[in-house]
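Enquirer: mind looking at a prediction? Sequence and model below.
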Amino acid sequence: MEGSLLDGVNKPETQEVEDMTVLEKKHSVVIEAPNKIGKEKKFKVVVKVGEHMEHPNEPGHFFEWIELYADDTFLSRIHLTPEKTHHKLITEIKLNEPTKLVGRARCNIHGVWEGEKQIKIE
Ligand SMILES: [Fe+2]
């Protein structure tokens, strides 16, 4: 990774968890959702960080927010505070066409991180 983590959007350079750096493991955004869903049928989406390696959750270092997009369309956002909340966004959505779900999360020290998951329609 070049430049500052606070510029732009960060992504791990690999999808293979064992090849990720410690920084990437702590900040990679994981989207949990079915691979394939029924058209216009509600389904659960979880956007989470710190799954591959626990990220701090204290006043000096924590995730400030998590967002969910359907392609470029904004869907949901959760604001977080350290210690008592956990860095996880859980919601239900419905789609009517194949969509790339995109999750973004901002660490107050290490900037914005992004992950994605392609959803098919059956
Ligand atoms: Fe961080």
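Expert: Good, I have the coordinates. Please read these numbers as outputs of a predicted model, since none were measured by experiment.

Enquirer: for the protein, what's the longest strand?
Expert: As assigned by DSSP state E, the longest strand anywhere in the chain is strand 111-121.

Enquirer: can you list the residues that contact that one?
Expert: 4-11, 27-31, 33-39, 47, 49, 95-107 (CB atoms under 8 Å, 6 or more residues apart in numbering). Heads up, the C-betas are built off the backbone N, CA and C, glycines and all.

Enquirer: and what of stretch 54-62?
Expert: 26-27, 49-50, 63, 80-83, 85-87, 107-109.

Enquirer: list the contacts of the most far-flung residue of the chain relative to its centre.
Expert: Most distant residue from the mean C-alpha position of the chain: Glu122, 24.3 Å away (CA atoms, centre = their mean). The contact partners of Glu122, taken as CB under 8 Å, 6+ apart, are 36-39.

Enquirer: contact residues of the protein facing the ion?
Expert: 107, 109-110 (CB under 5 Å from the ion).

Enquirer: in PyMOL, select just the buried ones from those residues.
Expert: The PyMOL command for the buried members of these (criterion: 16 or more other CB atoms under 10 Å) is given here:
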select buried, resi 107+110
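
Enquirer: do me a favour and get the end-to-end distance for stretch 79-94?
Expert: With CA to CA, to the nearest Å as the measure, the first residue of stretch 79-94 is 22 Å from its last.

Enquirer: narrow the contacts of stretch 54-62 to just the buried residues.
Expert: 26-27, 49-50, 63, 80, 82, 87, 107.

Enquirer: what's the closest of those residues to the ion?
Expert: Cys107 (3.4 Å; CB to the ion).
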